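# pasting the structure only:
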């Protein structure tokens with residue numbers, strides 16, 4: 001692990017100084033290498049999937065782990081798409097001149113070495129490697145044991161692409177062991193080699209990272225996301241948004257886990273919304289009023305309001321109005337992504353201003369909590385903290401800055 005840290009630090013210096021055109025050429029070469037090695041990557045994924053199924057993993061977990069030709073092609077396309085993003089390194093973020101003639105510039109610079117610790121999603125291997133390279137950083141990747149073979153095969157392709165473009169392959173490294181002690185070594189910072197840690201996984205992983213890390217962390221514990229259907233919501237729009245937010249992909253962190261329905265529109269909106277969810281194969285857990293809508297609705301307990309299901313389950317509750325909806329979100333939410341459906345612009349503006357989440361939406365699905373949908377290209381994760389990066393962490397968020405000061409002989413009196 002110490003050797004990995006040293007080689008990553010050396011590679012980060014070379015990548016940070018590499019011209020944007022060379023980094024972009026490497027991204028295209030990495031995407032092409034994924035395509036060339038598709039058979040080996042899919043074979044590795046098949047073995048990971050076989051182990052996961054034998055271990056009795058849940059369907060949602062299997063879905064997150066699975067790759068097929070189409071998904072792998074999307075992974076490669078996502079890597080190539082990062083090359084089309086504006087170069088974040090060296091951007092002048094601000095500039096000004098003082099009365100003494102000193103000219104100041106605040107300029108974007110790479111963070112350095114980024115450790116990404118993730119679990120079952122093998123596409124994170126490619127996304128993280130691509131984003132770190134584009135932003136002039138080196139990446140140390142630690143895959144979960146369930147996706148280890150797939151991640152290793154993808155990393156081999158990424159490193160081949162880096163070499164073809166004349167950049168050090170150690171700019172992207174996968175920790176070559178499933179030993180959990182490797183996570184502890186990363187969290188300790190590898191003797192100063194690591195600048196930031198990004199965990200991508202379940203609550204237990206993220207909680208451990210936040211508790212033990214001796215370096216800064218970009219993370220979120222849960223994606224307990226809400227959709228609030230306000231009294232002035234268009235019913236047809238609300239039905240489409242709720243179904244998409246919950247069921248498009250249940251295993252992503254932007255999937256809606258709780259539906260809040262305004263009492264003022266319950267007579268017209270509650271039954272259709274619940275019926276749609278049930279017809280879509282979603283289990284509904286609700287309060288007393290929601291249970292009365294359909295006998296298949298089971299009671300929701302206190303724990304349901306705080307649960308990130310990542311499955312075809314949703315909790316439904318009636319609220320008296322925007323105040324109660326926002327109070328519920330503040331109490332049970334995870335500051336990740338929350339949405340309101342309403343035609344009342346004033347209520348929407350208040351919701352957007354007062355809900356303290358990294359992403360707040362009006363009349364749109366929570367499944368837009370994704371860096372690609374923000375135009376950031378691929379993302380390395382969603383940060384719910386309040387320092388430096390918040391929301392989708394893309395190439396701009398993987399940069400820090402420094403000040404350049406230009407003078408013509410000034411001295412301080």
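Cool, the structure landed. Note that this is a predicted model, so its numbers are computed, not measured.
# rest of the way, CA atoms for contacts and neighbours
Fine.
# With adjacent residues omitted, what lies nearest to residue 225?
Using CA to CA, 6 or more residues apart in numbering and skipping residues adjacent in sequence, the residue nearest residue 225 is residue 256, 4.7 Å away.
# For the one you found, list the residues it contacts.
Residues in contact with residue 256 (CA atoms under 8 Å, 6 or more residues apart in numbering) are 224-227, 242, 245-246, 314, 366-367.
# Roughly how far does it sit from residue 294?
Applying CA to CA, to the nearest Å, the value for residue 256 to residue 294 is 21 Å.
# what does residue 125 give?
Distance, residue 125 to residue 294, by CA to CA: 43 Å.
# Of these two, which one has the most company?
Taking neighbours as other CA atoms under 10 Å, residue 125 and residue 294 compare with residue 125 leading, 30 against 14.
# element containing the more buried one?
helix 123-134 (DSSP states H and E).
# Follow the chain on from that helix and name the next helix or strand.
strand 138-142.
# Following element in sequence after that following strand, please.
Later in the chain than strand 138-142, the nearest helix or strand by DSSP H and E is helix 148-164.
# quick one, domains of the protein?
2-218+393-406, 225-368 (automatic domain parsing).
# show me where pLDDT drops low in the stretch 301-413 of the chain?
For the stretch 301-413 of the chain, the stretches with pLDDT under 70 are 377.
# List of residues touching whatever helix or strand residue 340 lives in?
Assigned by DSSP H and E, residue 340 belongs to strand 337-341. Under the criterion CA under 8 Å, 6+ apart, residues 223-230, 233-234, 237-238, 254, 348, 351, 355, 357-366, 369 lie in contact with strand 337-341.
# can you do 6 Å?
Residues outside strand 337-341 that contact it (CA atoms under 6 Å, 6 or more residues apart in numbering): 225-230, 233, 357, 359-363.
# and if you look at stretch 351-370?
241, 245, 254-255, 335-341, 384, 390-391.
# The stretch 301-413 of the chain: helices as residue ranges?
Along the stretch 301-413 of the chain, counting by DSSP state H, counting those that start in this stretch, helices occupy 322-332, 345-354.
# which one among the contacts of stretch 351-370 gets closest to residue 106?
Taking CA to CA as the measure, residue 106 lies nearest residue 390 of these, at 20.2 Å.
# can you pull the contacts of that closest one?
Counting by CA under 6 Å, 6+ apart, residue 390 touches 358, 383-384.
# Nearest to residue 168 among those residues?
Distances from residue 168 to the contacts of residue 390, taken by CA to CA, are shortest for residue 383, at 28.8 Å.
# if I look at the closest one, how far off is residue 358?
Distance, residue 383 to residue 358, by CA to CA: 7 Å.
# Common neighbours of the two, please.
Shared between the contact lists of residue 383 and residue 358 (criterion: CA under 6 Å, 6+ apart) are residues 390-391.
# thought residue 197 was touching residue 214?
No: using CA atoms under 6 Å, residue 197 makes no contact with residue 214, being 9.4 Å away.
# What values do phi and psi take at residue 301?
phi -100, psi 180 (degrees, to the nearest 10).
# re earlier: quick one: which of the domains of the chain is nearest residue 378?
For residue 378, the closest of the domains of the chain is domain 2-218+393-406, at 5.7 Å, according to CA to CA.
# residue contacts, the residue in the chain sticking out farthest from the centre?
Distance from the C-alpha centroid of the chain, by CA atoms, centre = their mean, peaks at residue 413 (49.4 Å). Contacts for residue 413 (CA under 6 Å, 6+ apart) come out as none.
# swap in residue 117?
The neighbours of residue 117, taking CA under 6 Å, 6+ apart as the test, are 142, 199.
# that's a helix at it, yeah?
No: under DSSP: H, G, I helix; E, B strand; the rest coil, residue 117 falls outside any helix and is assigned strand.
# Report the separation between it and residue 106.
For residue 117, the distance to residue 106 equals 31 Å [CA to CA].
# same check, this time on residue 388
According to CA to CA, residue 388 stands 15 Å off from residue 106.
# okay, these two: which has more neighbours?
Comparing residue 388 with residue 106 by other CA under 10 Å, the one with more neighbours is residue 106, at 18 against 11.
# List the contacts of that one.
Applying CA under 6 Å, 6+ apart, one finds that residue 106 lies in contact with 92-94, 402-403.
# Dump those residues to a markdown table, plus distance to residue 16.
Below are the contacts of residue 106 laid out as a markdown table (distance: CA to CA, whole Å):
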| residue | distance to residue 16 |
| --- | --- |
| 92 | 16 |
| 93 | 18 |
| 94 | 21 |
| 402 | 14 |
| 403 | 17 |
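# For PyMOL, what selects the buried ones among these?
Selection of buried members from the contacts of residue 106 for PyMOL, criterion 16 or more other CA atoms under 10 Å:
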select buried, resi 92
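# Now for the contacts of residue 106: which two are most distant?
Largest separation among those by CA to CA: 94 and 402, giving 10.9 Å.
# Residue 80 contacts residue 30, doesn't it?
No: between residue 80 and residue 30 no contact is recorded; they are 7.8 Å apart, counting by CA under 6 Å.
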